[in-house]
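In: Please find the sequence and the predicted model below.
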Amino acid sequence: MNIDYLIVGSGLFGSTFAYEAAKRGKRVKVIEKRNHIGGNVYTEEIEGIQVHRYGAHIFHTNDKNIWDYVNQFVEFNRFTNSPIANYKGEIYNLPFNMNTFNKLWGVVTPEEAKAKIEEQRRKAKITTPKNLEEQAISLVGTDIYEKLIKGYTEKQWGRKATELPAFIIKRLPVRFTYDNNYFNDRYQGIPIGGYTQIIEKMLSSDLIDVELNTDFFENKEMYLKEYPKIVYTGMIDQFFDYQYGELEYRSLHFETMVLNQENYQGNAVVNFTDAETPYTRIIEHKHFEFGTQPKTVITKEYPKTWKRGDEPYYPLNDEENNRKYRKYRELADKMPNVLFGGRLGMYKYYDMHQVIGAALSIVKKEFSE
Ligand code: FDA
């Protein structure tokens with residue numbers, strides 16, 4: 001059996017590539033080290049509820065082509081991401097908007113809110129922000145920073161806000177309208193029936209063979225010898241045996257439980273923004289699909305420092321890591337038979353629509369279209 005492409009990883013990148021290659025008559029083998037397909041977009045049904053095993057996944061894009069692309073596999077619902085912040089029992093709307101400002105200060109008009117933020121920014125006297133704390137205060141003032149940003153961000157990154165680079169929050173979504181919609185994108189939603197079916201459909205061709213529980217590194221040399229072309233979506237530093245040192249990631253620990261009640265928190269996503277609560281978010285999965293099941297499933301999300309062997313969820317794109325990545329990239333460019341892709345292969349904080357976009361442009365290049 002002649003395989004044209006070996007794809008390492010059945011996440012959104014690997015599966016998009018596999019689908020497109022099979023559409024062009026190529027034979028594909030996908031190997032996946034987990035016991036399921038889909039990578040981090042994987043959803044599974046528990047108590048009739050689609051559970052996002054690796055954290056809340058909300059599809060959003062401004063690109064009509066990408067939106068039409070995913071809609072060919074599944075219908076999306078009209079879910080709008082409107083997370084809630086819980087600061088020591090006080091509830092605020094996110095992203096920061098007139099509802100948040102009204103709750104914080106009792107202001108009613110955009111002018112009043114702007115004046116309040118301006119007054120706090122002026123008092124702080126920050127001209128060139130040197131770190132995340134100064135950057136945040138210079139953007140939104142002290143109250144929002146103290147209650148809604150500081151604790152959450154420090155938990156998320158495992159570092160003091162004064163030790164984090166300013167660029168992490170170059171943009172803070174601040175709105176002077178009463179609009180709780182987190183994303184500005186034209187299209188957003190959740191696939192009705194979950195994300196896994198998208199991946200199943202992408203991999204359903206007879207030309208695609210999927211092997212689960214298979215780690216590329218158990219047979220790296222054999223794969224490199226036997227397969228003419230490899231699409232690799234694992235960690236790029238691991239591929240090159242960490243020869244320039246490890247790239248850093250943030251990891252997460254998820255605690256999922258079924259509760260014998262219909263509605264636990266009244267919202268899909270609640271962020272816990274104080275420093276004391278050890279988790280950053282609680283997700284109540286049924287609200288992604290407006291579920292009415294008698295029970296509910298919630299997941300607490302605990303941030304964790306990554307160490308070798310942990311799941312690398314978020315690339316930590318600071319200067320040092322990006323510099324290291326560029327060195328790995330140079331090695332990758334010298335291997336024309338291996339295409340590096342996805343969040344881990346490209347060491348980039350990609351959202352789902354960007355991963356699909358990146359896979360489609362590599363497909364175009366690969367097939368000279
Ligand atoms: P992904 O990591 O999904 O897939 C890589 C696959 O390769 C994995 O299945 C892995 O097991 C496998 N693999 C790795 N090494 C291997 C090896 N050596 N051998 C075999 N297999 C190997 N995006 C968005 O648009 N909206 C959102 O709301 C969110 N929310 C969100 C929450 C959290 C907590 C995270 C971590 C991420 C998001 N995302 C998101 C981002 C989204 O998850 C991401 O864009 C895609 O899943 C990336 O797909 P990839 O295929 O690149 O990687």
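Out: Looks like it came in fine.

In: now the strands for the stretch 251-369 of the chain?
Out: Counting by DSSP state E, counting those that start in this stretch, the stretch 251-369 of the chain has these strands, from start to end: 269-272, 281-284, 296-305, 314-315, 338-340.

In: residues in contact with the residue of the stretch 101-250 of the chain found nearest the ligand?
Out: Proximity of the stretch 101-250 of the chain to the ligand (Cβ to the nearest ligand atom) peaks at Gly234, 2.8 Å away. Glycine gets a C-beta too; all of them are placed from N, C-alpha and C. By Cβ atoms under 8 Å, 6 or more residues apart in numbering, the contact set of Gly234 is Val8, Gly9, Lys33, Phe216, Leu344, Gly345.

In: hang on, it is in a strand, isn't it?
Out: No: the assignment for Gly234, made by DSSP: H, G, I helix; E, B strand; the rest coil, is coil rather than a strand.

In: Now do it against Gly9, distance only.
Out: Taking Cβ to Cβ, to the nearest Å as the measure, Gly234 falls 6 Å from Gly9.

In: Kindly report the same for Ile362.
Out: Ile362 is 14 Å from Gly9, by Cβ to Cβ.

In: more crowded one of these two?
Out: Gly9 (26 against 19; other Cβ atoms under 10 Å).

In: hmm, back to that, go through the strands of the stretch 251-369 of the chain and find the least confident stretch.
Out: Lowest mean pLDDT of those: strand 314-315, a mean of 91.

In: Who are the packing partners of it?
Out: Taking 3 or more Cβ pairs under 8 Å, 6 or more residues apart in numbering; DSSP states H and E as contact, the helices and strands that strand 314-315 lies on are strand 249-259.

In: In terms of secondary structure, what does the strand it packs on contact?
Out: strand 296-305, strand 314-315.

In: May I see these organised as TSV, with mean neighbour count and distance to Val41 added?
Out: Formatted as TSV, these follow (neighbours: other Cβ atoms under 10 Å; distance: least, Cβ to Cβ, whole Å):
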stretch	mean neighbour count	distance to Val41
strand 296-305	18	15
strand 314-315	20	15
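
In: Just put these in CSV and tack on distance to the ligand.
Out: Listed next are these as CSV, based on distance: least, Cβ to the nearest ligand atom, whole Å:
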stretch, distance to the ligand
strand 296-305, 7
strand 314-315, 6
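
In: and Lys103, which of these is closest to it?
Out: Among the helices and strands packed on strand 249-259, the nearest to Lys103 by Cβ to Cβ is strand 296-305 (24.0 Å).

In: Within the sheet, what are the partner strands of the closest one, with directions?
Out: strand 249-259 (antiparallel), strand 281-284 (antiparallel) (DSSP bridges).

In: and those as TSV, adding mean neighbour count?
Out: As requested, the strands paired with strand 296-305 are exported to TSV (neighbours: other Cβ atoms under 10 Å):
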stretch	mean neighbour count
strand 249-259	15
strand 281-284	23
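
In: do you know which of the ones you listed lies nearest the ligand?
Out: Per Cβ to the nearest ligand atom, nearest to the ligand of those: strand 249-259, 5.8 Å.

In: who's in contact with the closest one?
Out: 46-47, 51, 53-55, 156-158, 279, 295-307, 310-316.

In: quick one: average confidence on it?
Out: Mean predicted lDDT for strand 249-259 stands at 96.

In: overlap in contacts of Ile362 and Gly9?
Out: What both Ile362 and Gly9 touch, as defined by Cβ under 8 Å, 6+ apart, is an empty set.

In: just to revisit the earlier point, shared neighbours, Gly234 and Gly9?
Out: Lys33, Leu344, Gly345.

In: Would you confirm that the second one contacts Met235?
Out: It refers to Leu344. Yes: between Leu344 and Met235 there is a contact under Cβ atoms under 8 Å: 4.7 Å.
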